[in-house]
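# Have a look; sequence and predicted model below, questions after that.
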Amino acid sequence: MSDSPFDLESFRNWRGPGPWVRWGGGAVLMVVLILALMWFVVRIEVEADEILVLINKTGRTLPAELADTFGDQVVLYPALIDAIAAKTGKDAKNVREGYKGIRYDVLTEGRYFPNPYSYRAIKMNATLIKQDEVGVLVRRYGKPLPFPKTVATEPDERGPVTEILRPGRHNINRLAYDVQRFPAVQIPEGHVGVVTLLSGNDPETKNTYTVEPGEKGVQRQTLPPGLEYYNPYLQRIEIVDIRSHKYDMIGSDAIHFPSNDSFTISIDGTIEWAIRPDRVAEVTVAYGDEQEILDKVILPNARSIARIQGSKLYAREFISGKTRTAFQDRLLHELRDECWRHGIDIKAALVREIQPPAEIARLISQREQADQEIERYTNEMKEARAEAQLVEQRELQAQNKRLGDARREVVTVTKQAEERKVVSVTQARRELEVGKLELEAARKQASAIRSKGEAEAKVIVFQHQAEAQPLGRAVQAFGDGTAYAQQFYLQRLGPAIESILMNTDGPIMEVFRELQSYDTKPVSGGAE
């Protein structure tokens, strides 16, 4: 046997793997091929900004009995699926899977493995509507719109739908819908939007400028300032300025009319006006834009009222300031009332200049100057009278002030005297009450002293009585007072005599000692 690791004899005798091993390896290889096919061929990756639409390539076609109602449809939309399910007795899922056509629902981002034999997969971008845009869906499937409808209001009608797509992302099946983009309407401040509804119910009240909500025509309610998203197939928005406008009637636009004395008067003025906010829609339909409102409403009425009122005055009266002011007030009042009925608010009507005829202007001016001089002198006289009245009033005020001060002084002195009187009376009454109290206290004090003296006298009497009672009993024992007195005297004298006799050092004993010395001393005269 050779030392080589390869044995030629064993290789010649080897007949290969068994049948089970071969079948197992083939199955594994098949699974690997299928997985590779699914991963590299069938797999569809739908990104975040994409959608996937599936088309059923196999299955039944639309039933013939429904073709007359729905026509040749290629989109399996919900109303069609429900009709097929009701006709065939199947549920909606079986209808969606078992009939040819474009599936209505879309698949969003993710990983999918659709069967390429049964489905055709179309990947498309999601619909993105910008901030200043509005999207309108135009439905490709469904029944044709009946006349005179312009938008699809039912879920199975073909054409533009009423709902709009606002800014943002929308997963729209663009095999079932067309997406049309329109710019949003920006209504600035001081403006409103007049809405005309292009599709809706017929108005109940005919021959009116505006209609009720939901009726086809110009809507009475307007839109406020802001960014408005709307469907152009359903609505039309017209921006109307409701701010104040000024119109100068000068030059060729000035008002010319004859005065009461047949002189031609020219007036230059300014009118400030605005559309009433509550009647913007009506005014817009009835008259049109700003220039048409001026030509049809404001200027005809201003000229008519100015001529009617101006023809009542003489030419010389238009130079006077008072007359001009009165004329301007009447013009403003009547023009405001007339235009208000037409939906126009006249805020001011100013007469800036009135030009009378040249041939009388100088004479009228001189007369006017004379009238002004007279009026000036009259005003000066009124001022002098007013000054005199003012001085008189000042003197009267000063006199009244002095009189008031004197009256206040009298009142003050009277009040002070009354106060002193009240104080004196009060003090006297207080002193009287104090004297009464002191008198009563003295009486009570005297009564107390007397009661005290009586009590002390009684105590002394009781003491003497107590001391005299034993003495009386002793006197009664001796029979009378003399015997008791002698007894009392002797009782007191005996101890004293005994004390004197017993005391050898006292003065009495000195007397006895001297007497004793006299007895023992010799007498000198007898010896002789």
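Great, that's in hand.
# Where do the helices of the stretch 301-450 of the chain begin and end?
Applying DSSP state H, counting those that start in this stretch to the stretch 301-450 of the chain gives helices spanning 321-341, 358-478.
# most tightly surrounded among those?
helix 321-341 (a mean of 16; mean count of other Cβ atoms under 10 Å). In short, each C-beta sits where N, CA and C put it, glycine included.
# hmm, who's touching that helix?
By Cβ atoms under 8 Å, 6 or more residues apart in numbering, the residues outside helix 321-341 that reach it are 271, 273, 276, 297-298, 301-302, 305-306, 309-310, 313, 317-318, 345-346, 348-351, 354.
# Buried ones among those residues?
For the contacts of helix 321-341, a burial check counting by 16 or more other Cβ atoms under 10 Å picks out 271, 273, 297-298, 301-302, 305-306, 309-310, 313, 317-318, 345-346, 349, 351, 354.
# now the host helix or strand of Leu299 against helix 321-341, angle please.
Element membership for Leu299, per DSSP states H and E: helix 299-310. Between helix 299-310 and helix 321-341, the angle comes out at 140 degrees (axes from the mean of the first three to the mean of the last three Cα atoms, to 10 degrees).
# which residues touch helix 299-310?
When contacts are defined by Cβ under 8 Å, 6+ apart, helix 299-310 is touched by residues 247, 249, 253, 255, 257, 259, 265, 267, 269, 271, 318, 327, 330-331, 334-335, 338-339, 349.
# mind listing what the spatially most central residue of the chain touches?
Nearest to the geometric centre of the chain sits Pro224, at 22.5 Å (Cα atoms, centre = their mean). Pro224 makes contacts with 187, 192-193, as judged by Cβ under 8 Å, 6+ apart.
# Just the CA atoms of the helix holding Leu299, as CSV, please.
This file holds the C-alpha atoms of helix 299-310, laid out as CSV (Å, rounded to 0.1, in the frame of the first residue of the first chain):
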residue,chain,number,x,y,z
LEU,A,299,-69.9,110.6,-7.2
PRO,A,300,-73.4,110.7,-8.6
ASN,A,301,-74.9,111.1,-5.1
ALA,A,302,-72.2,113.7,-4.1
ARG,A,303,-72.9,115.8,-7.2
SER,A,304,-76.6,115.5,-6.9
ILE,A,305,-76.7,116.5,-3.2
ALA,A,306,-74.2,119.3,-3.7
ARG,A,307,-76.3,120.8,-6.6
ILE,A,308,-79.5,120.5,-4.7
GLN,A,309,-78.2,122.0,-1.5
GLY,A,310,-76.0,124.6,-3.3
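# Quick one: distance of that helix to the chain centre.
From the chain centre to the centre of helix 299-310 is a distance of 48 Å (Cα atoms, centre = their mean, to the nearest Å).
# same check, this time on stretch 442-460
90 Å.
# swap in stretch 266-281?
Counting by Cα atoms, centre = their mean, stretch 266-281 comes out at 35 Å from the chain centroid.
# buried residues in that stretch?
267-269, 271, 273, 275, 279-281.
# mind checking how far Arg174 is from Gly142?
In this view, Arg174 and Gly142 are 16 Å apart by Cβ to Cβ, to the nearest Å.
# Looking at those two, which one has more neighbours?
The neighbour count for Arg174 versus Gly142, taken as other Cβ atoms under 10 Å, is higher for Gly142 (22 against 17).
# Pretty sure the more buried one sits against Tyr77.
Yes: taking Cβ atoms under 8 Å as the definition, Gly142 is a contact partner of Tyr77 at 7.1 Å.
# Need the overlap of contacts for these two.
Common neighbours of Gly142 and Tyr77 (criterion: Cβ under 8 Å, 6+ apart): 155-156.
# now the angle between helix 358-478 and the helix or strand hosting Thr482, please.
Under the criterion of DSSP H and E, Thr482 resides in helix 481-502. Using the same axes, to 10 degrees, the inter-axis angle of helix 481-502 relative to helix 358-478 is 80 degrees.
# wait, what's in contact with the closest residue to Glu228 other than its chain neighbours?
Using Cβ to Cβ, 6 or more residues apart in numbering and skipping the chain neighbours, the partner closest in space to Glu228 is Val185 (4.5 Å). Contact analysis of Val185 by Cβ under 8 Å, 6+ apart lists 193, 227-228, 230, 237, 239.
# looking at these, which has the most residues close by?
Busiest of the contacts of Val185 [other Cβ under 10 Å] is Gly193, holding 23 neighbours.
# what ranges of the chain fall below the confidence cut-off?
The model of the chain has pLDDT under 70 over residues 1-22, 25, 64-73, 319-321, 356-368, 496, 498-528.
# quick one: contacts for Tyr104?
Contacts of Tyr104 by Cβ under 8 Å, 6+ apart are 75-78, 81, 173, 176.
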